[in-house]
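1. Coordinates only, no sequence provided:
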């Protein structure tokens with residue numbers, strides 16, 4: 001409501017004796033509450049509409065100054081509203097908060113008009129609780145979106161780390177076009193192409209034309225059944241035999257396909273870059289562990305020693321990872337079989353128990369590493385887990401509130 005010249009409201013003096021009736025009329029058609037206030041700011045009469053939070057408090061307001069019914073930080077707004085009315089006969093809308101016995105302040109937007117120079121003031125208010133609740137929901141929604149964004153970024157970082165240390169060639173393939181979305185360095189070395197040459201191309205291009213139909217059937221089977229499938233194939237230019245496995249890979253936005261290609265021709269097998277892997281492990285803030293096929297630790301990084309509360313990475317070597325995950329050998333074997341089948345597992349919710357008794361919730365991601373006939377497993381454990389973490393039988397955390 002804009003402020004007008006006081007001369008425009010002089011004719012309202014005729015309505016001054018009808019202030020209580022006007023208050024009742026206003027709450028019935030345009031507001032949640034209407035107050036009749038004297039020239040000192042003291043509430044004389046109250047008319048209430050349908051605002052339940054206000055109804056529980058307003059009965060005690062008669063005889064009190066309007067400023068005494070609001071919270072301390074919004075008293076100044078009441079003083080400004082009354083000053084506007086005294087000076088011009090009208091006030092613009094001011095939002096104030098009334099303290100509630102229920103513990104939550106009730107926001108109200110008030111406007112006022114003086115009924116003649118010597119008449120009472122009529123103050124009408126609209127309950128802003130719904131608007132305030134909507135604003136809070138928007139704030140919470142924004143915060144949740146930001147949390148989800150950072151969780152996705154952290155998940156992608158861990159996934160990329162596992163992706164690159166995998167010694168098998170691994171490609172992420174668009175489920176519709178079958179074009180390569182992403183690939184690791186092992187794939188580039190195996191196919192004799194750069195990553196730029198791989199990404200965007202049809203996933204069957206690096207294979208000999210006689211093998212492509214069988215692999216296309218593999219893609220179709222994985223999409224239809226939602227299960228992993230594999231077949232043997234020949235690389236283009238007869239550069240060697242490979243075993244191709246296709247696994248559905250659910251991402252945040254859609255379902256992609258994970259294509260793992262392992263050379264079964266010793267002449268073309270991809271060597272494992274142990275020096276690079278060890279350097280990467282040492283620098284990572286996430287706990288990283290490499291185990292053998294039985295789950296016995298072969299390597300661990302400093303971040304794992306802090307998580308497991310052990311003296312040094314060497315203290316973990318030769319021991320079962322299950323000792324810290326608190327799972328049985330059967331549960332650990334189940335996880336490893338899943339990695340053998342799917343190549344990569346992401347964001348599994350579990351716990352790590354340190355050797356000094358600390359129990360902490362973690363998200364575990366893992367991959368299967370193969371070199372010649374030897375098999376090992378890489379794991380990344382990150383403290384905390386979000387809503388996107390998945391549960392796996394045997395690895396479920398005992399208490400979701402653990403941090």
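-> That came through, no problem. All values derive from a computational prediction rather than experimental measurement.
2. Now the strand ranked longest in the chain: average pLDDT?
-> Assignment by DSSP state E gives strand 359-371 as the longest strand of the chain. For strand 359-371, mean pLDDT is 82.
3. Below-threshold pLDDT in the protein: ranges please.
-> Counting by pLDDT under 70, the chain shows low-confidence ranges at 1-31, 50-53, 56, 130-136, 138-139, 141-167, 250-254, 265-281, 370-373, 385-403.
4. Break it down into its structural domains.
-> As assigned by automatic domain parsing, the chain contains the domains 8-127, 168-271, 274-403.
5. Nearest approach to residue 140 belongs to which of the ones you listed?
-> Ranking the domains of the chain by proximity to residue 140 (Cβ to Cβ) places domain 274-403 first, at 13.9 Å. For glycine as for every other residue, the C-beta is placed from the backbone atoms N, C-alpha and C.
6. Now do the buried residues in the helix or strand just after the longest strand of the chain.
-> Following strand 359-371 in sequence order, the next helix or strand is strand 374-383 (DSSP states H and E). For strand 374-383, the neighbour count (16 or more other Cβ atoms under 10 Å) marks 375, 376, 377, 378, 379, 380, 381, 382 as buried.
7. Report the distance from stretch 118-126 to the chain centre.
-> Taking Cα atoms, centre = their mean, to the nearest Å, one finds stretch 118-126 lying 48 Å from the centre of the chain it belongs to.
8. So which bits of it are buried?
-> Buried positions in stretch 118-126, judged by neighbour count with 16+ other Cβ under 10 Å: 119, 120, 121, 122, 123, 124, 125, 126.
9. now, which of the residues you listed sits nearest residue 36?
-> For these, the nearest to residue 36 is residue 120 (5.3 Å; Cβ to Cβ).
10. OK, contacts around residue 70?
-> Residue 70 makes contact with 77, 78, 96, 97, 98, 99, according to Cβ atoms under 8 Å, 6 or more residues apart in numbering.
11. rewinding a little: for the buried residues of strand 374-383, which one is nearest residue 64?
-> Nearest member of the buried residues of strand 374-383 to residue 64, counting by Cβ to Cβ, is residue 382, at 56.6 Å.
12. Give the burial count for residue 186, as a bare number.
-> When neighbours are counted by other Cβ atoms under 10 Å, residue 186 registers 25.
13. if we can go back for a sec, which of the buried residues of stretch 118-126 fall within strands?
-> Per DSSP E, those map to strands at 121, 122, 123, 124, 125, 126.
14. out of these, who's nearest residue 308?
-> Closest approach to residue 308 among these (Cβ to Cβ): residue 126, at 59.0 Å.
15. Please tell me how far the closest one sits from residue 237.
-> Distance of residue 126 to residue 237, computed by Cβ to Cβ, to the nearest Å: 77 Å.
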